[in-house]
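Take this sequence and fold it.
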Amino acid sequence: MEFPELGKHCTFEGCKQLDFLPYTCYHCKKIYCQEHFKLDDHHCPSLNDPQLDVRVPTCPICESPVPGPRNEDPNIRVNRHIQNNCEDTKKPSNLCRQKGCKAKLLVPMQCSDCGKAYCVKHRLPVDHDCKKENRYTNTYGKSSSSGTNKLSGGSTLGAKPKAGISGLKGFMSNKNNSGGSSAQEKPNRQQFTRVQGPQQRKQELARLREKAKNGRLTEDEQIRLATLISYEENHGKKDNCTIS
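Model (predicted):
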């Protein structure tokens with residue numbers, strides 16, 4: 001039993017098939033069934049017009065153009081676009097990631113928030129659809145705290161671990177006051193710091209502090225950093241004295 005009001009008949013001569021999902025030719029604007037929707041199948045008059053090859057079909061859902069190769073049927077192209085939920089195909093890596101922008105990135109500018117590359121026009125977060133991602137985890141507190149926990153394990157005072165440079169200061173003060181092995185290590189460390197010149201100590205101290213900000217200090221470097229800080233606080237002014 002047929003339901004003419006639910007579908008449409010194919011306009012191809014000799015077919016007239018009732019199709020519930022008919023195709024509309026983008027060139028001649030006529031309705032065809034699945035067997036005759038291609039240009040060659042219904043002998044579309046646009047085949048004799050070479051200028052029609054450059055036409056880009058429009059999606060009936062999102063109303064956006066769907067470009068593709070000239071030898072590909074536009075109906076197949078639009079159907080594939082609809083099956084992909086009207087999402088654009090993946091852009092080449094050398095193009096601006098802003099939607100609708102086709103600028104080539106000779107010198108890509110990466111957004112510090114979303115991490116994507118944009119052109120000069122869309123390089124700022126306010127100029128593109130920036131979705132900020134927490135790509136950089138704050139590992140400084142975690143690594144410093146874990147390193148201080150390991151160091152404070154041998155302390156007899158049981159002081160709570162502190163993160164960062166302040167924790168290293170407290171650890172070294174506890175080690176200096178606890179006596180025993182730490183009392184024997186103190187002269188060696190002071191002797192080592194005295195061997196270095198003031199300029200060398202400042203450079204090493206700046207390097208270790210920079211690594212501490214990024215949370216990349218090893219256990220030995222944490223001890224070395226605390227030693228330099230303690231030495232600078234006690235003897236730094238003497239090293240900076242000049243004779244006029």
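
So which other helices or strands are in contact with the longest helix belonging to the chain?
If each helix of the chain is counted by residues according to DSSP state H, the longest one is helix 219-239. Applying 3 or more CB pairs under 8 Å, 6 or more residues apart in numbering; DSSP states H and E, we find helix 219-239 packed against helix 139-152, helix 164-178, helix 181-195, helix 198-213. (C-beta placed from N, C-alpha, C; glycine too.)

Domain map for the protein?
8-83, 90-136, 139-239 (automatic domain parsing).

weakest of the ones you listed in terms of mean pLDDT?
The weakest mean pLDDT among the domains of the chain belongs to domain 139-239, with a mean of 61.

can you tell me how far Ile229 sits from Glu210?
Counting by CB to CB, to the nearest Å, the separation of Ile229 from Glu210 is 14 Å.

An error on my part: the question was meant for Pro22.
Taking CB to CB, one finds Pro22 at 69 Å from Glu210.

between these two, who's got more neighbours?
Pro22 (18 against 10; other CB atoms under 10 Å).

Just list the residues touching that one, thanks.
By CB atoms under 8 Å, 6 or more residues apart in numbering, the residues touching Pro22 are Gly7, Lys8, Cys10, Ile31, Tyr32, Cys33.

and the fifth one, what does it touch?
Contacts here follow CB under 8 Å, 6+ apart; on that basis Tyr32 touches Cys10, Thr11, Phe12, Cys15, Asp19, Pro22, Tyr23, Thr24, Cys25, Asp41, His42.

Also the first one?
Contacts here follow CB under 8 Å, 6+ apart; on that basis Gly7 touches Leu18, Asp19, Phe20, Leu21, Pro22.

and the second one, how many residues sit next to it?
Taking other CB under 10 Å as the criterion, the count of residues near Asp19 is 18.

now the one 10 residues further on
When counting by other CB under 10 Å, one arrives at 8 neighbours for Lys29.

Work out for me the element it sits within.
Secondary structure assignment for Lys29, by DSSP states H and E: no helix or strand.

What residues sit buried inside stretch 65-74?
Val66, Gly68, Asp73, Pro74 (16 or more other CB atoms under 10 Å).

Let me know the secondary structure of the closest residue in space to the first one that isn't next to it in sequence.
Residue nearest to Val66 in three dimensions, not counting chain neighbours: His81, with 4.7 Å by CB to CB, 6 or more residues apart in numbering. At His81, secondary structure determined by DSSP: H, G, I helix; E, B strand; the rest coil is helix.

quick one: His81 and Cys59 touch, right?
Yes. Using CB atoms under 8 Å, His81 is in contact with Cys59, at 5.6 Å.

more neighbours, those two?
Neighbours of His81 and Cys59, each counted by other CB under 10 Å, are more numerous for His81; the result is 22 against 14.

list the buried ones in stretch 72-86?
Asp73, Pro74, Asn75, Arg77, Val78, His81.

Need the residues that contact it.
Contacts of stretch 72-86 (CB under 8 Å, 6+ apart): 23, 25-26, 37-39, 55, 57, 59-62, 64, 66, 68.

Filter the residues you listed down to just the buried residues.
Here, 16+ other CB under 10 Å leaves Tyr23, Cys25, Tyr26, Phe37, Lys38, Leu39, Pro57, Val66, Gly68 buried among those.

could you dump these to CSV with distance to Gln199 and secondary structure?
Shown next, in CSV, are the buried ones among the contacts of stretch 72-86 (distance: CB to CB, whole Å; DSSP: H, G, I helix; E, B strand; the rest coil):
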residue, distance to Gln199, secondary structure
Tyr23, 80, strand
Cys25, 81, coil
Tyr26, 76, coil
Phe37, 81, coil
Lys38, 80, coil
Leu39, 80, coil
Pro57, 71, coil
Val66, 66, coil
Gly68, 66, coil
